[in-house]
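A.B. asks: got a sequence here, can you model it:
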Amino acid sequence: PGVVWTTVAQDLSTNPTVYVAGNRDSSNNVTIDGTPSNDMGNGNQMKLTVSQDAVAEVKVLTSNYQAEYGRLSGSNVVVVTKSGAKSFHGLASYFTRNEDFNANNFFTNLNGLPRPRYRYNTITYNLSGPIAIPHRFNSNRDKLFFFWGQEFWPSTLSTQGTVTVPNALERKGDFSQSFNQAGALTVVKDPANANAAFPGNIIPTSRLDPNGVALLNIFPQPNFSNRAISGGNYNYVFSTPYNKSLSTNTGKIDYILNANNTITFALNMYGDDETGALGITTASGNWPMMVKTYHTHGNGTTERWTRIISPTLINELSFGLFAQPASNTYDNSELQKIIRSTVGFNAPQFSAATNDLNVIPNATFGGVTNAANIAIEGRLPLYNRYYILHLADNFTAIRGSHTLKAGIYLERFTRNQKKSGTVFNGAFDFQNNATNPFNTGYAYSNAVLGNFNSYSQSTSRNWMNIRDWDAEAFIQDNWKATRRLTFDVGLRMYWVP
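C.D. replies: Model (predicted):
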């Protein structure tokens with residue numbers, strides 16, 4: 001009760017959307033073996049995930065939790081991974097989904113497209129047991145143990161869509177075959193001739209702007225002409241594949257020094273590699289313009305020392321490091337598709353220095369139904385470096401019916417990344433706008449004449465550079481007053497300079 005889960009992922013997702021007790025989905029605190037998993041920026045994305053077969057314990061606290069749990073106002077989810085034991089254990093499994101098992105849907109058939117790729121594969125294995133050298137070390141198998149598990153999700157999928165692109169005649173300034181959804185001719189007006197229609201609805205070659213024509217030539221030629229099906233809403237259909245390779249690696253070593261001291265080393269890794277023009281993280285635009293690869297690999301380690309000082313006194317000291325770099329890579333052949341000199345676009349810019357890649361500007365064509373756009377991700381190439389260093393020490397004392405606990409938590413967070421929303425390459429708006437004195441009545445004719453509604457460009461690349469300290473402390477008392485009555489009293493303090 002009180003929990004609303006609004007998304008169900010198809011694969012090993014790190015983007016849950018969970019609302020607890022009316023809080024936002026960014027108000028949940030998740031740790032894996034003590035390593036903070038939440039993105040310190042948006043709060044809801046997970047930087048780490050773990051295979052279900054590697055989980056030993058999950059504790060979910062939704063409200064009224066003790067002072068040792070805090071940080072956020074929603075739920076607290078504590079995940080502990082498996083450890084080894086005196087005997088060897090292991091498992092392996094494979095699961096698949098494939099478009100060969102699916103029927104094509106009605107609209108895909110209607111547009112003459114094949115079944116979209118739907119190839120999910122899940123490969124899992126783990127192994128655990130003692131680490132021993134017979135007659136030399138840990139012969140009784142009661143000192144040193146290990147666990148190692150991996151899960152792989154290689155998937156091949158497709159993104160399908162429909163858009164409108166300029167036809168071959170329109171790219172030459174000939175709009176004699178340009179019709180709206182109702183089938184009527186789109187009349188192109190000459191703003192230099194009192195908005196009279198161009199003769200034959202054709203713009204003279206001498207009036208064409210080579211930069212506007214170059215932008216229209218970025219788009220593929222139309223490949224769908226059946227207006228009885230499209231209703232004039234699109235003339236280009238596509239099915240473009242993308243690959244996702246997700247993985248988790250989970251390792252743990254437990255060393256029991258003696259009856260009072262145990263040292264644990266935990267390693268959790270999450271990998272995400274995606275390649276495609278659409279469907280991947282950092283993809284942009286509404287048609288497959290440029291193929292690139294998104295990489296991110298989160299690696300977290302936690303070392304823990306548990307000391308039993310006496311039957312009623314326990315101390316737990318832990319520290320760890322989490323690192324997650326994220327980046328884009330692409331082949332030079334893909335980059336050349338959007339380079340200004342390759343495309344033949346040489347219009348001046350507000351800030352040429354900002355466009356350090358020398359790529360073409362973004363472009364939109366408002367008024368054209370379902371128009372394909374030119375959209376380049378504002379962080380291209382993506383650069384993101386994310387680090388968390390954390391230290392915790394908890395002390396527990398049992399005094400009669402009281403269980404007293406106190407602890408500290410220290411965290412150092414560092415992040416360096418390009419910010420989204422930067423229009424480093426510039427952006428043209430060619431929309432049909434009657435208030436624009438240079439408007440022709442049609443976005444594509446605006447473009448070939450070089451007439452635009454607006455142009456914008458950032459004057460610099462924007463960066464996010466974060467250096468953050470977080471210090472927390474708590475004290476609590478769990479007092480079992482009677483067999484039926486227990487009091488939990490505690491205080492948690494925060495210092496975020």
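A.B. asks: can you confirm residue 229 is in a helix?
C.D. replies: Yes - assessed by DSSP: H, G, I helix; E, B strand; the rest coil, residue 229 belongs to a helix.
A.B. asks: against residue 104, how distant is the residue lying closest to it once chain neighbours are set aside?
C.D. replies: Closest residue in space to residue 229, ignoring its immediate chain neighbours: residue 110 at 5.9 Å, by C-beta to C-beta, 6 or more residues apart in numbering. Where you see a C-beta, it was placed from the backbone N, CA and C, and this is true even at glycine. According to C-beta to C-beta, to the nearest Å, residue 110 stands 10 Å off from residue 104.
A.B. asks: which stretches of the chain form helices?
C.D. replies: Using DSSP state H, the helices assigned to the chain run over residues 106-110, 210-216, 227-230, 332-336, 340-343, 443-449.
A.B. asks: quick check, residue 380 in contact with residue 357.
C.D. replies: Yes - here residue 380 reaches residue 357: they are 6.8 Å apart, a contact under C-beta atoms under 8 Å.
A.B. asks: with neighbour numbers in mind, choose between the two.
C.D. replies: residue 380 (21 against 15; other C-beta atoms under 10 Å).
A.B. asks: how close does that one get to residue 351?
C.D. replies: 16 Å.
A.B. asks: also residue 333?
C.D. replies: Separation of residue 333 from residue 351 (C-beta to C-beta) stands at 27 Å.
A.B. asks: can you get me the start-to-end distance on stretch 124-136?
C.D. replies: 33 Å (C-alpha to C-alpha, to the nearest Å).
A.B. asks: which ones are touching the nearest residue to residue 59 once chain neighbours are set aside?
C.D. replies: Nearest residue to residue 59 in three dimensions, chain neighbours excluded: residue 78, at 4.2 Å (C-beta to C-beta, 6+ apart). The contact partners of residue 78, by C-beta atoms under 8 Å, 6 or more residues apart in numbering, come to 31, 57, 58, 59, 60, 61, 69.
A.B. asks: where does residue 78 land on pLDDT?
C.D. replies: Looking at residue 78, its pLDDT stands at 95.
A.B. asks: and if you look at residue 399?
C.D. replies: So, for residue 399, pLDDT stands at 96.
A.B. asks: would you mind measuring from the residue nearest to the spatial centre of the chain to residue 37?
C.D. replies: Ranked by distance to the mean C-alpha position of the chain (C-alpha atoms, centre = their mean), the top residue is residue 281 at 5.1 Å. To residue 37, residue 281 is 17 Å away according to C-beta to C-beta.
A.B. asks: residue 277 reaches residue 239, doesn't it?
C.D. replies: No - the criterion here is C-beta under 8 Å, and residue 277 misses it with residue 239 at 11.4 Å.
A.B. asks: excluding its backbone neighbours, what's nearest residue 257?
C.D. replies: residue 263 (6.6 Å).
A.B. asks: surely the one you found meets residue 305?
C.D. replies: Yes - Residue 263 is within contact range of residue 305, at 5.4 Å (criterion: C-beta under 8 Å).
A.B. asks: buried residues, whichever strand in the chain runs longest. List them.
C.D. replies: Longest strand of the chain, by residue count under DSSP state E: strand 236-258. Neighbour-count burial for strand 236-258 flags 236-256 (criterion: 16 or more other C-beta atoms under 10 Å).
A.B. asks: what of stretch 121-131?
C.D. replies: Those buried within stretch 121-131 under the rule 16+ other C-beta under 10 Å are 121, 122, 124, 125, 126, 128, 129, 130.
A.B. asks: hmm, who's touching that stretch?
C.D. replies: Applying C-beta under 8 Å, 6+ apart, the external contacts of stretch 121-131 come out as 51, 53-54, 82-96, 138, 141-155, 250, 253.
A.B. asks: and that stretch, how far from the chain's centre?
C.D. replies: The chain centre lies 27 Å from the centre of stretch 121-131; the measure is C-alpha atoms, centre = their mean, to the nearest Å.
A.B. asks: now do that stretch, average pLDDT.
C.D. replies: 96.
A.B. asks: do the same with stretch 284-300
C.D. replies: Per-residue scores along stretch 284-300 average to 95.
A.B. asks: and it, how far out from the chain's middle?
C.D. replies: 9 Å.
A.B. asks: what is the end-to-end distance of it?
C.D. replies: 30 Å.
A.B. asks: do the same with stretch 336-350
C.D. replies: 22 Å.
A.B. asks: contacts for that stretch next, please.
C.D. replies: Residues from elsewhere that reach stretch 336-350 (C-beta under 8 Å, 6+ apart): 210-211, 214-215, 217-218, 289-290, 355, 357-361, 376, 426, 455, 457, 459.
A.B. asks: just the buried ones from the contacts of residue 78?
C.D. replies: If we count by 16+ other C-beta under 10 Å, these have these buried: 31, 69.
A.B. asks: from the contacts of residue 78, which is closest to residue 438?
C.D. replies: Nearest to residue 438 out of the contacts of residue 78 is residue 31 (C-beta to C-beta; 58.1 Å).
A.B. asks: my guess is the closest one meets residue 79, correct?
C.D. replies: Yes - with contact defined as C-beta under 8 Å, residue 31 reaches residue 79; the gap is 6.7 Å.
A.B. asks: ok, of the contacts of stretch 336-350, which come out buried?
C.D. replies: 211, 214-215, 218, 289-290, 355, 359-361, 376, 426, 455, 457.
A.B. asks: pLDDT below threshold where in the stretch 101-250 of the chain?
C.D. replies: Low-confidence segments of the stretch 101-250 of the chain, defined by pLDDT under 70, are absent.
A.B. asks: can you give me the strands for it?
C.D. replies: Using DSSP state E, counting those that start in this stretch, the strands found in the stretch 101-250 of the chain span residues 118-130, 144-163, 189-190, 196-197, 236-258.
A.B. asks: in the second one, what's buried?
C.D. replies: Taking 16+ other C-beta under 10 Å as the basis for neighbour counts, the residues of strand 144-163 that come out buried are 144-153, 155-163.
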